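Q: Take a look and give me a structure for this.
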Amino acid sequence: MIEAQSIKFREWRNIPINKKETKKAEKLSVNRKISPLRSLFKYLTTQTENDDGEPYFYRNVMLKIEVNKVKETLGASASRILTKIFHNDEDARFLEFVRHDYEKELPEKSRKLIYFKRDKERDFAILSLF
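A: Residues are numbered from 1 along each chain as shown. Okay, the predicted model is just below:
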């Protein structure tokens with residue numbers, strides 16, 4: 001049995017993408033899986049008790065597993081976010097596209113078109129909040 005301390009990021013198995021390709025798990029993806037487990041074990045060892053007043057676990061085994069934080073400079077973070085936000089009047093153009101043009105790009109009599117027409121006003125209202 002492998003000890004929890006010996007598990008390192010580089011030892012994670014390859015993830016199949018399709019029949020011919022695989023990739024390594026990214027640190028951020030691994031952290032997203034480990035973090036909730038750490039929170040759950042912390043909760044079960046420190047904040048909850050069974051009917052006898054005893055904690056569910058006496059030892060938090062997840063404390064032995066390291067979370068490899070991804071360090072990113074402010075500039076890199078700003079560059080990454082910059083590509084995901086609207087600039088100048090792009091937000092208004094996007095809303096106009098959703099309201100008038102997107103429907104024309106969907107195939108006739110498709111489920112996408114049916115659902116879009118059904119939810120158009122709701123979706124537009126939600127999008128205009130942002």
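Q: can you pull out the helices in the protein?
A: 27-46, 74-82, 90-96, 102-105, 111-129 (DSSP state H).
Q: would CSV of these with mean neighbour count, distance to residue 58 and mean pLDDT be doable?
A: The C-beta positions use only the backbone N, C-alpha and C, and glycine is treated the same way. CSV is the format used below for the helices of the chain (neighbours: other CB atoms under 10 Å; distance: least, CB to CB, whole Å; pLDDT from 0 to 100):
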stretch, mean neighbour count, distance to residue 58, mean pLDDT
helix 27-46, 13, 7, 88
helix 74-82, 9, 40, 89
helix 90-96, 12, 53, 92
helix 102-105, 12, 56, 92
helix 111-129, 11, 47, 93
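Q: Of all those helices, which one is nearest residue 65?
A: Between residue 65 and these, the shortest separation by CB to CB is 6.1 Å, and it involves helix 27-46.
Q: Output that closest one in CSV with nothing but the alpha carbons.
A: Extracted C-alpha coordinates of helix 27-46, given in CSV (Å, rounded to 0.1, in the frame of the first residue of the first chain):
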residue,chain,number,x,y,z
LYS,A,27,-2.1,20.6,-10.7
LEU,A,28,-5.2,22.8,-10.6
SER,A,29,-7.4,19.8,-11.5
VAL,A,30,-5.8,17.6,-8.8
ASN,A,31,-6.2,20.4,-6.3
ARG,A,32,-9.9,20.7,-7.1
LYS,A,33,-10.3,17.0,-6.2
ILE,A,34,-8.2,17.1,-3.0
SER,A,35,-9.5,20.3,-1.5
PRO,A,36,-13.1,19.2,-0.9
LEU,A,37,-11.8,15.9,0.5
ARG,A,38,-9.6,17.8,2.9
SER,A,39,-12.6,20.0,4.0
LEU,A,40,-14.8,16.9,4.5
PHE,A,41,-12.3,15.1,6.7
LYS,A,42,-11.7,18.3,8.7
TYR,A,43,-15.4,18.6,9.2
LEU,A,44,-15.7,15.0,10.3
THR,A,45,-12.8,15.1,12.7
THR,A,46,-13.4,18.5,14.3
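Q: quick one, what contacts residue 60?
A: By CB atoms under 8 Å, 6 or more residues apart in numbering, the contact list for residue 60 reads 41, 42, 45, 46.
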